[in-house]
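Chemist: Next input, structure requested:
(chains A and B)
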Amino acid sequence: MSPFATLLVRDVKLAARSGGSAALALSFFALVATLMPLGVGADLRLLARIAGGVLWVGAVLAALLSLDRLFQGDYEDGSLDLIALSPLPLELTALAKIFAHWLSTGLPLTLLSPLLALMFNLPPVPTLVLFVSLLIGTPAVSAVGAIGASLTLSLKRGGLILPLLILPLLSPAVIFGAGAVSASMDGLGAAGGLELLAAFAFGAVLLSPFATAACVRLNLGG
Amino acid sequence: MNWLFRYANPHEFMRLSGAVLPFTAIATALCIGLSLYLGFSAPPDYQQGRTVLILYIHVPAATCAMTVYGAIAVCSLLSLVWRHPLSDTAARAAAPLGAIFTALGLITGALWGKPMWGTYWVWDARLTSFLLLLFIYFGYMALWNAIEDETKAARAAAILALVGAVNIPIIKFSVEWWSTLHQGESIVSGKLAPVFLAPLLLMMAGYMLLFITLWMVRIRTAILERRATVLMQRGTA
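Modeler: Residues are numbered from 1 along each chain as shown, chains lettered A, B, ... in the order given. I've put the predicted structure just below:
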């Protein structure tokens, strides 16, 4: 197996076996979706209107939960030093970490979203748009999040500052993703929002490994 | 690049900024004072009445908020690429000023929005992007404060500033795509009457000069603070 695949499989296994971050993120996501009708009322028409935005915000917040551990565990026990010494360039290491984070949070969240959309009374076509938008958009959340995680990796309480750093940067993803859902609710084409979201996600996944690798290098004292 | 690095030396910077500072301070006072005089002596706007005066606080604050972020981004690039030693200090010193300009733009905008739009806050593209800019400033300052090792903090903050610089145009575009109530620009396109334009341009110059003056003061303070720390450490050792 190539070093990239090895690291990817290792990280996905770690995420699945140590505390089950996917299960945590999914429960959090479902809880946000449950609290929302309790807060705003159970009017199904209203819920259908806000479903896209609520589920997008919920998914972004749920993906945030496990982000601060993206590098921190490896940093604390020293394995990040060994990974950095390996022939795999640090940029590809960062990409593998982003991909592993997406597989263990972004993808499960996306798969759960149609069920929650059903509970929000979202019609079938907007539900499909929501699913596709999360599928396209959650990699951007992991990618931008990796920059934040690597910036704060030497901090004891990095988890507190992380949302402040990356949530403003993620606002375009929420706007385009939730915008596509509400456009399809109004019978307008969702393609515009989805295309912009895809552009944002591509840009994020392409550029984030470089910024992330730079931050990791700096924190390893290189 | 040599000219750039002459002033990387803190000693050289202290000498130069000390000489320049009185002039920029006086120029700031002149610009703002003259603009206030012209602004108050101009006739009230036929639609907005006296509230048009908010224009002179609001627009320059918003322009400065963006310019300061630009200055932070340039300093961060200098620091990351050329390891320009003073630019970290400069970037850190500029951030609170930028945050204050952003907050001032938001607050005056809200106060202006009430009489003109009938509401303090609307989720309009510019208001929203400025609110996000304020959070980006907060995050930047928080990161500086969170990392104890000064060199690490400087480089991490520089990376964050550059990531933000790439992202801010995207945020601006996305919120504009999302919703727009705020008017477009009316300075370059000549939609603003000269009686209002002259004080506005003067005030913008005044704000810019104010920023430069305060920025230099803050950088000087930071340099002096570092010297004091070094002296104290020598004293205890």
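
Chemist: Write out the residues of chain A neighbouring chain B.
Modeler: Applying C-beta under 8 Å from any C-beta of the partner chain, we find that chain A lies next to chain B at A:147, A:151-152, A:154-155, A:157-158, A:161, A:164-165, A:167-169, A:171-172, A:175-176, A:179, A:196, A:200, A:203, A:207, A:211, A:214-215, A:218-219. C-beta: built from backbone N, CA, C; applies to glycine.

Chemist: Now, of those, which are buried?
Modeler: By neighbour count, with 16 or more other C-beta atoms under 10 Å in any protein chain shown, these hold A:147, A:151-152, A:154-155, A:158, A:161, A:164-165, A:167-169, A:171-172, A:175-176, A:179, A:196, A:200, A:203, A:207, A:211, A:214-215, A:218-219 as buried.

Chemist: Can you flag which of those residues belong to helices?
Modeler: Using DSSP state H to define helices, the subset of those located there is A:147, A:151, A:158, A:161, A:164-165, A:167-169, A:171-172, A:175-176, A:179, A:196, A:200, A:203, A:207, A:211, A:214-215, A:218-219.

Chemist: The residue in chain A positioned nearest to chain B: what's it in contact with?
Modeler: Here chain A gets closest to chain B at one residue, A:Pro172, 3.8 Å apart by C-beta to the nearest C-beta. Listed by C-beta atoms under 8 Å, 6 or more residues apart in numbering or on different chains, the contact partners of A:Pro172 are A:Leu196, A:Phe200, B:Asn167, B:Ile170, B:Ile171, B:Phe173, B:Ser174.

Chemist: okay, now A:Leu38: neighbour count?
Modeler: When neighbours are counted by other C-beta atoms under 10 Å in any protein chain shown, A:Leu38 registers 8.

Chemist: What strand or helix carries it?
Modeler: Per DSSP states H and E, A:Leu38 falls inside helix A:21-40.

Chemist: what's near enough to touch A:Leu14?
Modeler: Residues A:Gly73 are the ones in contact with A:Leu14 under the rule C-beta under 8 Å, 6+ apart.

Chemist: Let me know the pLDDT of the residue nearest to the residue of chain A closest to chain B when sequence neighbours are not counted.
Modeler: Using C-beta to C-beta, 6 or more residues apart in numbering or on different chains and skipping residues adjacent in sequence, the residue nearest A:Pro172 is B:Ser174, 3.8 Å away. We have a pLDDT of 78 for B:Ser174.

Chemist: repeat for B:Met216
Modeler: B:Met216 carries a pLDDT value of 92.

Chemist: pretty sure it is touching B:Pro22, no?
Modeler: No. Using C-beta atoms under 8 Å as the test, B:Met216 is too far from B:Pro22 to be in contact (10.9 Å).

Chemist: Tell me which of the two has more neighbours.
Modeler: Applying other C-beta under 10 Å to B:Met216 and B:Pro22 shows that B:Met216 carries more neighbours, namely 21 against 10.

Chemist: Identify the residues contacting that one.
Modeler: Applying C-beta under 8 Å, 6+ apart, we find B:Met216 in contact with B:Ser17, B:Val20, B:Leu21, B:Thr24.

Chemist: which bits of chain B sit near chain A?
Modeler: With C-beta under 8 Å from any C-beta as the criterion, chain B meets chain A at residues B:132-133, B:135-136, B:138-139, B:142-143, B:146-147, B:152, B:155-156, B:159-160, B:162-164, B:166-167, B:170-171, B:173-175, B:177-178.

Chemist: Quick check on those: which are buried?
Modeler: Burial by neighbour count, 16+ other C-beta under 10 Å: within those this picks out B:132-133, B:135-136, B:138-139, B:142-143, B:146-147, B:155-156, B:159-160, B:162-164, B:167, B:170-171, B:173-175, B:177-178.

Chemist: In terms of secondary structure, what does whichever helix or strand B:Tyr137 is part of contact?
Modeler: Element membership of B:Tyr137 [criterion: DSSP H and E] is helix B:125-146. Identification of packing neighbours for helix B:125-146 by 3 or more C-beta pairs under 8 Å, 6 or more residues apart in numbering or on different chains; DSSP states H and E yields helix A:158-185, helix B:54-82, helix B:85-117, helix B:150-178.

Chemist: what's the distance between the residue of chain A closest to chain B and B:Ile26?
Modeler: Between A:Pro172 and B:Ile26 the computed distance is 43 Å (C-beta to C-beta, to the nearest Å).

Chemist: What does the residue located most distally from the centre of chain A show for phi and psi?
Modeler: Computed with C-alpha atoms, centre = their mean, the residue of chain A farthest from its C-alpha average is A:Asp43, at 29.2 Å. Per-residue torsions, A:Asp43: phi -60, psi 110 (degrees, to the nearest 10).

Chemist: Equivalent analysis for A:Leu122, please.
Modeler: Residue torsions, per degrees, to the nearest 10, at A:Leu122 are phi -80, psi 130.

Chemist: Apart from its chain neighbours, what residue comes closest to it?
Modeler: Nearest non-adjacent residue to A:Leu122, counting by C-beta to C-beta, 6+ apart: A:Ala51, 4.4 Å away.

Chemist: ok, that neighbour touching A:Leu130?
Modeler: Yes. Using C-beta under 8 Å, A:Ala51 is in contact with A:Leu130, at 7.4 Å.

Chemist: Quickly list what's touching both of these two.
Modeler: Shared contacts of A:Ala51 and A:Leu130, defined by C-beta under 8 Å, 6+ apart, comprise A:Ala117, A:Leu122, A:Val181.

Chemist: OK, contacts around the first one?
Modeler: In this structure, A:Ala117 makes contact with A:Ala51, A:Leu55, A:Pro126, A:Thr127, A:Leu130, A:Phe131, judged by C-beta under 8 Å, 6+ apart.

Chemist: Quick check: nearest residue in space to it, chain neighbours excluded?
Modeler: Nearest one to A:Ala117, counting by C-beta to C-beta, 6+ apart, is A:Thr127 at 4.4 Å.
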